[in-house]
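*Asks:* just need the structure, nothing else, for what follows:
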Amino acid sequence: MKIKELHLINVGPLDQSFVFKDEWQGDVHNQILFSGPNGSGKTIILQTIAILWDAFGYWLDHRKITPPSSPVNQCIKQGQSAAMVLTECPGFNEPVIIFYGDFFLLKDISQKPVSKQWIGEAIGGSEHGMKRYLGMTDELFYNWAEARKKMILTFDKADIPNLIWLDAEQRRWVTPKRNLGKHLPENSDLRWLVTYQATEDWKGQLEASLINLKITNPHPYHQAIRDLNDFLYDKEIDPKIKPGENRLQVKIKNKRGKTHSIDELSAGEHQVMIQLYMVSRWLEHGGIVLIDEPDLFLHPSLIPGFMAKLESLVKERNGQLIITSHNSDIWKRYERKGLRVKLGGEV
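*Replies:* Okay, the predicted model is just below:
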């Protein structure tokens with residue numbers, strides 16, 4: 001699954017459409033970078049995509065319009081509209097429009113040679129004022145609803161893609177203080193829209209998830225540890241769990257017996273861990289990964305190798321990676337091998 005088009009009307013500073021078609025290959029770009037000055041709307045674009053995906057899940061589950069308290073209603077206000085056109089969706093022979101906002105925008109998009117398949121809330125005029133309509137244009141959406149139930153109720157192999165959204169402001173590392181070392185189950189409900197939330201509770205921490213993975217699926221666990229260790233300098237995460245504590249330790253190379261906790265790694269090392277692990281652990285085949293400033297806190301020497309690894313993880317699962325960055329080296333990288341979209345009059 002890939003985002004082929006994104007249409008935004010009065011969403012933050014943005015009032016424009018984006019088309020991600022690769023003119024050379026004829027398909028859709030699978031690596032996209034948004035760049036631009038502060039306040040140009042880079043993060044808002046990723047947030048809006050995640051919010052539309054979250055609303056999509058609600059519509060599949062409930063077959064009705066979203067409540068006033070829902071994220072889509074809180075973030076996309078009256079007079080604003082957002083739509084994304086998805087391609088390569090399992091079960092559909094043509095692209096799918098996921099939509100929230102003005103009915104006339106939806107009508108305009110659906111009349112173009114894009115797609116007749118859509119789901120979402122269209123807001124249009126009626127004799128009693130503005131009215132919201134929930135629309136689904138095909139029975140195939142019901143198949144997605146059943147597949148979504150399987151995804152969020154179990155940890156079985158998914159039949160449909162998911163979405164991962166890693167916000168730069170949320171990717172803070174917090175040392176856990178509650179329920180330390182407890183064996184606590186992970187929440188399958190989070191598989192549809194995967195996010196990282198900084199929390200002082202052991203449940204939901206990256207370290208707790210790693211240990212759960214070791215117990216339930218040792219091979220991916222050891223691969224994840226190897227991937228993370230590739231980006232640690234003069235140290236490595238010991239794949240063995242410290243007896244009695246249910247915690248992982250970081251071994252210092254060439255200093256026998258010297259260790260420290262994962263919490264004591266640097267901010268840049270934590271960023272690498274969060275991003276690589278969240279993608280390798282949770283991305284389903286054909287999923288979409290949104291990352292705000294993946295190079296945050298990273299030493300310049302780490303960035304090329306880290307980006308290559310991140311991109312390969314997404315590519316292995318036939319996914320799409322969409323990022324933002326202020327780093328000029330990443331700009332050049334995506335001008336060469338992906339798509340760089342410049343916002344805010346950036347040169």
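
*Asks:* from here on, just use CA atoms for contacts and neighbour counts.
*Replies:* Will do.

*Asks:* assign a three-state SS to Ile44, would you?
*Replies:* Here Ile44 is recorded as helix under DSSP: H, G, I helix; E, B strand; the rest coil.

*Asks:* give me the neighbour count for it.
*Replies:* The tally of other residues near Ile44 (other CA atoms under 10 Å) stands at 17.

*Asks:* likewise the one 10 residues further on?
*Replies:* Other residues near Asp54 come to 17 when the count uses other CA under 10 Å.

*Asks:* and for Cys75?
*Replies:* 15.

*Asks:* in contact with it, which residues?
*Replies:* Thr48 (CA atoms under 8 Å, 6 or more residues apart in numbering).

*Asks:* how near is it to Ile288?
*Replies:* In this view, Cys75 and Ile288 are 21 Å apart by CA to CA, to the nearest Å.

*Asks:* what's the answer for Leu8, then?
*Replies:* Per CA to CA, Leu8 is found 19 Å from Ile288.

*Asks:* looking at the two, which has the bigger crowd around it?
*Replies:* The residue with more neighbours, out of Leu8 and Ile288, is Ile288; 26 against 22, by other CA under 10 Å.

*Asks:* check the more buried one and give its pLDDT.
*Replies:* pLDDT recorded at Ile288 is 99.

*Asks:* and if you look at Gly91?
*Replies:* Value for Gly91, per-residue pLDDT: 88.

*Asks:* can you report how many residues lie near the closest residue to it other than its chain neighbours?
*Replies:* With CA to CA, 6 or more residues apart in numbering as the measure, Leu140 is the residue that lies nearest to Gly91, at 6.8 Å, once sequence neighbours are left out. By the criterion of other CA under 10 Å, Leu140 has 13 neighbours.

*Asks:* closest to the centroid, which residue in this structure?
*Replies:* Central residue of the chain (CA atoms, centre = their mean): Ile164, 2.2 Å from the mean position.

*Asks:* partner residues bridging that residue?
*Replies:* Ile164 has these beta-bridge partners by DSSP bridges: Val194, Val289.

*Asks:* how close does it sit to Ile288?
*Replies:* Taking CA to CA, one finds Ile164 at 6 Å from Ile288.

*Asks:* just Ile123 next, same as before
*Replies:* Ile123 is 27 Å from Ile288, by CA to CA.

*Asks:* wait, a strand at Phe99?
*Replies:* Yes - Phe99 forms part of a strand when assessed by three-state DSSP.

*Asks:* surely it is in contact with Ile119?
*Replies:* Yes - contact criterion CA atoms under 8 Å: Phe99 and Ile119 qualify, at 6.3 Å.

*Asks:* run through who's touching the helix or strand harbouring Met278.
*Replies:* Per DSSP states H and E, Met278 falls inside helix 267-282. Applying CA under 8 Å, 6+ apart, the external contacts of helix 267-282 come out as 164, 166, 171, 173, 191, 194, 196, 206, 224, 227-228, 231-232, 289, 294, 296-299, 306, 310, 313-314.

*Asks:* emit the PyMOL select command for whichever of the residues you listed are buried.
*Replies:* This is the PyMOL syntax for the buried subset of the contacts of helix 267-282, where burial follows 16 or more other CA atoms under 10 Å:
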select buried, resi 164+166+171+173+191+194+196+206+224+227+228+231+232+289+294+296+298+306+310+313+314
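
*Asks:* counting neighbours, what do you get for Tyr334?
*Replies:* Around Tyr334 sit 17 other residues, with neighbours defined as other CA under 10 Å.

*Asks:* how close does Ile241 get to Leu248?
*Replies:* For Ile241, the distance to Leu248 - CA to CA - is 5 Å.
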